[in-house]
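Enquirer: Next input, structure requested:
(chains A and B)
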Amino acid sequence: MIPPLSSRPGHDAGVRRLTSLSQQLAQAQEQIATGKRVVKPGDAPVAFARIATLKRADGAAEAQRAAMDAAAARLSASEVALAGIADIVMRARELALAAANETLAAPDRAAMAAEARELLAAVRALAEQRGPDGEALFAGAGAPPAYADDPDGLAAWAGLGRPPEVALGSRLLPAGITGPEAFGVTAPLDPLAPPPDPALPPLPRERNLFDSLDHLAATLGETRPEFFRAGIDEAIAAVTGHGDRLAGAQALLGARAARLEAEETRLDRTQLALKTDISALEDTDLAEAVARLDRLGVVLEAAQASFARISRLSLWDQIR
Amino acid sequence: MMDLLALGRSGVLAFQTALNATGDNVANADTAGFVRRTVRLATSPTGRSGPIERASLFGAGVMVGGVGRAVDALKADAARVAGSTHARHAARLDWLSRLESLATTTDVAGRVGAFFDSATALAAAPTQAAARVAFLAAADDAASAFAGHGADLERLGDDVRAETLISVRRVNDIAAALARTNELLRRGQDGDIAALGLLDTRDQLLNDLASEVRISVDEGPRGVVEVKLGFGPAAVTLVPPFGNPARIGLSGDGQSVLINPDHAPQPVRLPASGRLAGLIEAAAQITRARAALDGMATGFVGLVNDWHARGIDIAGQPGEALFATTAIRTTVGRANAGRAPVDVVLADGALPDPSGYRLIAEPGGFTLARGDGSASVSGPGPLLLDGLTITIGAGAVAGDQWQFEPLAGAQGLSLRALQPRQVAAAARWQVDGLPGNAARTLPTVVDDTAALALPGGDVTPPPWRISVIAGGLAEVRDPAGALLATVPADGSLTEGPGIRFSIPADAAEGDSFRIAPTPPGAQDNRNALELGRLRLQPGPNGTLETELDADLSIIGASVADTRRLETAAAALKEDAVRANDAVSAVDLEYEAAELTRLQAAYRANAQVIGVARDLFNEILGLTR
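Expert: Have a look, this model is predicted:
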């Protein structure tokens, strides 16, 4: 039985119904104003937990994107440095091939030797190239400088370990390349080998890029023909080998950058899916909310009007 | 004729009383707890004053048989029970919503997530100072999320306990008032006006009591009630029909109710109904949330501190603990006359005594003592005990006291004062090999404090050079070339001083590797990457963050549940109250109709008197 408005409980119940309508109206208004349907866990516990997970994944993807951007910047800085070095190595090869003609006079060869030393200095500078955060690109995990002179005056790798990595899912991708991978290594002299015969040209040995350039410059200054011939042949082979190695290193960096890019595309798609899911879970369906707001407004107005109308009617007015 | 006059008189008097009752109803239309009065009219007994008087032929008129209260005991009880149930859900909903909004605004999971994200940023730029500063800031934020939320939950627990105590006191007060009402009712007359007012008061008290605890009521003669806590045969008597009421109290942990708390306390199982039950349930949930948060904080600190200790900072040193796990809370004595400020510093890594400390101002100095009295220091200050340095400002008065209490768990959590360069982003060991190696992978190195020396007993730590020789063996040499050991190169773990390492099985003769400790200034990021891996490593209940999420959704689920129950209970209560009010409440329209009806009856009776008077005048006129 619905109590009449003329009794206190009936009046209170009427007022409560009006209040509840205004509360629903306020809630619809809030949902429209904030654009959010789920604000507190109590609104929808399962949806809220899901939103929290999705938002965390989205945040982590954002951090991951920044990390991959940094790795990509490092990779491209390394690529640029290697491209510069590859140009220089090509020039060194031209020098070596030109010198191998044997038609050149001694002063010309001296000039070429000077140029080779300049090229060496340029390569040394490029090998010390720093990344966006001031890290030495070719020092691996070690501290700069990447190359230092050893007691024999030859450039030796001073770095250590592998370059910093970036996590792609559960895999780790090195964000760069180490000096030895790009520039080769100089095989150490065997301390037990017999001393070389000064009358014979020394046997060819494996040298890193810097030592090879140094060797080229030294060979260009060589006056003994058989020594020069052996030296220039070794230098041409070495410089060609270094050119090939650099091309390989550039290809490796390119492949790593491509993997990063593919991962970034995947991340974009994941993030888009995450944002869509979050929006589907927590965003207000505006059309529905506005319609609800309208309907509630009409109902509230009608309820208020009928409440006022009914409470105006009273038997007491009729008592004289 | 005299009969007619008497009949009219009795009618006028009776309807006057009835009109009065209606007027009283209208006047009390908005009085809480007022029950509509009804007047019962009865035929006056014939024969006025004794056995010798002759009975009247036509009856003796009307009289007021009694003024009653329009009550239906069953409906009133149903309304009370429904009110009890609603009060429980309303109280629980109120406190759980507060818990929910605290947990949502503090967002511990989000801030812990931001900390892990900042580790990803640190891994992306291990040499960048800004990334290190941001990492420390995120760590500080995560620590203060735990500590702040822990403090908030403690405060919430204290608040709900205070309200529970108020509820308990209300029950005791109402029980005392009911016992007094019982006494007054026993003395009064059945059906007199004062008794009716008392019954209204009694019902109001019963309603109030029912909103605190579920009760069952037995009504005896003259409206004297016996009130029991709960229902059924096991219910405990709270207010007996005679004598003093029992008292209830709250147990020390705030989780159960005791009867007779002052002497012979006995725990009572309250039915899940009434505000007190709702408050106790909310307190239990808050306690659970606190315990869960403390557990999670401990897990988080353990994870991060262990992780950090495995790394190497810019200076080439192993990482120090990132978070401190103990804090000190200062409580100023309530009776302190002075206003001296007290500053407390806990030395890094110090372990304060779990019993706490007490500082007392004495004439000419202070005494700082452990809570259990096992040690103390005195002096003018600053005072130093167990790594606790206490500096007291001016303005202390002898007799002033301060308490210092060590906080563990979430509240004890704070970031230690570390420099950005002390962030250990680099792994401890660096491994590399020649580009021309046949092996596709590099040796692996793990720290192991149980490992003591290389095979053969050499204890020279890395840096080492490892050259693979024929026969699946490898030589371990120091940088100068001295042979330290010959080890298998088959992928098996080999012991070294403090480490275990393996050389890949696909290594061929001539392959060469290096193992070296990370040098100062290294640009390595492997330890920072490791934190990203640990973040995803599930514990028994999933990762740390999913656990935090789960806790939040447990709170959310119980809020949503309670909200549903509250809505249902409110509807039920409304129905029950409505049914009861239909009987007991004043309806103004109804009273207006009654007034009209009674007025007409009154007028008719007055007319009877008028007719009697006219008849009397006629007869008097005959004599003239």
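Enquirer: ok, B:Asp348 - how many residues close by?
Expert: Using other Cβ atoms under 10 Å in any protein chain shown, B:Asp348 is surrounded by 11 other residues. C-beta coordinates here come from the backbone N, C-alpha and C atoms, glycine included.
Enquirer: residue boundaries of the strands in the stretch 251-400 of chain B?
Expert: B:257-259, B:266-268, B:311-312, B:323-324, B:327-332, B:342-346, B:357-362, B:365-370, B:376-379, B:383-385, B:388-392 (DSSP state E, counting those that start in this stretch).
Enquirer: Columns mean pLDDT on top of the ones you listed, output as JSON lines?
Expert: As requested, those are exported to JSON lines (pLDDT from 0 to 100):
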{"stretch": "strand B:257-259", "mean pLDDT": "87"}
{"stretch": "strand B:266-268", "mean pLDDT": "84"}
{"stretch": "strand B:311-312", "mean pLDDT": "92"}
{"stretch": "strand B:323-324", "mean pLDDT": "90"}
{"stretch": "strand B:327-332", "mean pLDDT": "88"}
{"stretch": "strand B:342-346", "mean pLDDT": "87"}
{"stretch": "strand B:357-362", "mean pLDDT": "90"}
{"stretch": "strand B:365-370", "mean pLDDT": "89"}
{"stretch": "strand B:376-379", "mean pLDDT": "88"}
{"stretch": "strand B:383-385", "mean pLDDT": "88"}
{"stretch": "strand B:388-392", "mean pLDDT": "88"}
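Enquirer: who wins for proximity to B:Leu229 among those?
Expert: strand B:266-268 (6.2 Å; Cβ to Cβ).
Enquirer: Nearest to chain A within the stretch 351-500 of chain B, name that residue for me.
Expert: In the stretch 351-500 of chain B, the residue that lies nearest chain A is B:Gln430 (3.3 Å; Cβ to the nearest Cβ).
Enquirer: tell me the most buried of the strands of the stretch 251-400 of chain B?
Expert: strand B:311-312 (a mean of 24; mean count of other Cβ atoms under 10 Å in any protein chain shown).
Enquirer: Show me what that one is packed against.
Expert: strand B:426-427, helix B:526-535 (3 or more Cβ pairs under 8 Å, 6 or more residues apart in numbering or on different chains; DSSP states H and E).
Enquirer: Which stretch among these is buried most, on average?
Expert: Using mean count of other Cβ under 10 Å, strand B:426-427 ranks as the most buried of the helices and strands packed on strand B:311-312, with a mean of 25.
Enquirer: wait, does it contact chain A?
Expert: Yes - interface with chain A: strand B:426-427 contributes B:Ala426 (Cβ under 8 Å from any Cβ of the partner chain).
Enquirer: Give me the contact list for that strand.
Expert: Under the contact criterion Cβ atoms under 8 Å, 6 or more residues apart in numbering or on different chains, strand B:426-427 has outside partners A:141, B:126, B:310-313, B:518, B:522-527, B:530.
Enquirer: Return the set of buried residues in stretch B:279-291.
Expert: B:279-283, B:285-287, B:289-290 (16 or more other Cβ atoms under 10 Å in any protein chain shown).
Enquirer: Of those residues, which fall within the contact range of chain A?
Expert: Of these, not one also sits near chain A (Cβ under 8 Å from any Cβ).
Enquirer: TSV for these, including pLDDT and distance to A:Arg56?
Expert: Conversion of the buried residues of stretch B:279-291 to TSV gives the following (pLDDT from 0 to 100; distance: Cβ to Cβ, whole Å):
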residue	pLDDT	distance to A:Arg56
B:Leu279	94	34
B:Ile280	93	35
B:Glu281	92	31
B:Ala282	93	29
B:Ala283	93	31
B:Gln285	92	25
B:Ile286	93	25
B:Thr287	93	27
B:Ala289	93	20
B:Arg290	92	23
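Enquirer: quick check, nearest of those to A:Ala175?
Expert: Among the buried residues of stretch B:279-291, and counting by Cβ to Cβ, the member closest to A:Ala175 is B:Ala289, at 42.3 Å.
Enquirer: my read: B:Arg222 touches B:Leu196, true?
Expert: No - using Cβ atoms under 8 Å, B:Arg222 is not in contact with B:Leu196; the gap is 11.7 Å.
Enquirer: more neighbours, these two?
Expert: Taking neighbours as other Cβ under 10 Å, B:Arg222 and B:Leu196 compare with B:Leu196 leading, 20 against 17.
Enquirer: Could you check how far the residue nearest to that one when sequence neighbours are not counted is from chain A?
Expert: Spatial nearest neighbour of B:Leu196, chain neighbours left out: B:Arg69 (5.8 Å); criterion: Cβ to Cβ, 6 or more residues apart in numbering or on different chains. Distance of B:Arg69 to chain A, computed by Cβ to the nearest Cβ, to the nearest Å: 16 Å.
Enquirer: tell me the contacts of residue 267?
Expert: No chain was given, so I picked chain A. A:61, A:64-65, A:68.
Enquirer: To clarify, I was referring to chain B.
Expert: Contacts of B:Pro267 (Cβ under 8 Å, 6+ apart): B:251, B:256-259.
Enquirer: Look up how far A:Gln29 lies from it.
Expert: Between B:Pro267 and A:Gln29 the distance is 48 Å, computed by Cβ to Cβ, to the nearest Å.
Enquirer: residue in the stretch 501-624 of chain B nearest to chain A?
Expert: Counting by Cβ to the nearest Cβ, the stretch 501-624 of chain B gets nearest chain A through B:Gly556, at 2.4 Å.
Enquirer: what residue ranges in chain A are flagged as low confidence?
Expert: A:1-3, A:102, A:189-192, A:320 (pLDDT under 70).
Enquirer: before we move on, back to that, mind giving me the packing neighbours of the helix or strand the residue of the stretch 501-624 of chain B closest to chain A falls within?
Expert: Per DSSP states H and E, B:Gly556 falls inside helix B:544-584. Other helices and strands packing on helix B:544-584, by 3+ Cβ pairs under 8 Å, 6+ apart, are helix A:8-34, helix A:45-99, helix B:73-106, helix B:108-124, helix B:275-309.
Enquirer: tell me the angle the longest one makes with helix B:526-535.
Expert: Spelled out, it's helix A:45-99. 150 degrees (axes from the mean of the first three to the mean of the last three Cα atoms, to 10 degrees).
Enquirer: same question, the fourth one
Expert: Orientation of helix B:108-124 against helix B:526-535 (the same axes, to 10 degrees) gives an angle of 150 degrees.
Enquirer: so what does helix B:108-124 touch, helix or strand wise?
Expert: Contacts defined by 3+ Cβ pairs under 8 Å, 6+ apart place helix B:108-124 against helix A:45-99, strand A:165-168, helix B:129-187, helix B:275-309, helix B:526-535, helix B:544-584.
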